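[1] this is a predicted model, with the sequence first.
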Amino acid sequence: MLHRASPTVLRPAAVIALLAVLAALAGCGESAQAKAKIQVCNARNDVAKRITTLQNLTLTASAGATAKASFEAIGRDVTQIKAEQGHLDATRRQQVEAATHNFVSQVNAIATSLSSSASLANAEAQFRAALAQLASAYSQTLGSINCL
């Protein structure tokens, strides 16, 4: 013969379990703004990492592939930042939009200034100067985004 628990005993236990599940779910959720801020900051930090990678490059057979991969990653990061801007609060959105726009403008100016007709020695010096400009552009633009 099966012994069934009374419904009054199950109800409080079920309510407590349900409340525990709801509390856990509520703590896991993040607002769209919080998620966007995290994505923007992660992309911003990756741009900094990629610039450092570029600055540390030495002329080797694999340097071209490493540089290309770093520049492509920076492009993806900027695209990610632009995609998340609309989810940020108005003040942060304005800051991120301005920083992104200025960074892209400065990168385009740097790219335009590079000459493809330079000698190998001049090309390396030109590349190093462009990387210093890129690092400066980052510091003045995306690097100024508050991620705290």
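    Right, received. Where do you want to start? All values reported here derive from a predicted model rather than from experimental measurement. Numbering: from 1, shown residues only.
[2] could you pull up phi and psi at residue 31?
    When quoted as degrees, to the nearest 10, the phi and psi of residue 31 stand at phi -70, psi 160.
[3] how about the contacts made by it?
    By C-beta atoms under 8 Å, 6 or more residues apart in numbering, no residues touch residue 31. Glycine gets a C-beta too; all of them are placed from N, C-alpha and C.
[4] now stretch 44-59: buried residues?
    Of all the residues in stretch 44-59, those buried under the rule 16 or more other C-beta atoms under 10 Å are 44, 46-48, 50-51, 54, 57.
[5] what number of residues lie near the closest residue to residue 57 other than its chain neighbours?
    Counting by C-beta to C-beta, 6 or more residues apart in numbering, residue 63 is the residue found nearest to residue 57 once chain neighbours are left out, at 5.0 Å. As a burial measure, residue 63 scores 13 neighbours (other C-beta atoms under 10 Å).
[6] I'd like to know how far residue 63 sits from residue 71.
    When distances are taken as C-beta to C-beta, to the nearest Å, residue 63 and residue 71 turn out to be 12 Å apart.
[7] which secondary element of the protein has the worst mean pLDDT?
    In the chain, the helix or strand scored least confidently by mean pLDDT, DSSP states H and E is helix 7-28, which has a mean of 54.
[8] residue 92 is in contact with residue 37, isn't it?
    Yes. The pair residue 92 / residue 37 is scored as a contact, 6.8 Å apart, by C-beta atoms under 8 Å.
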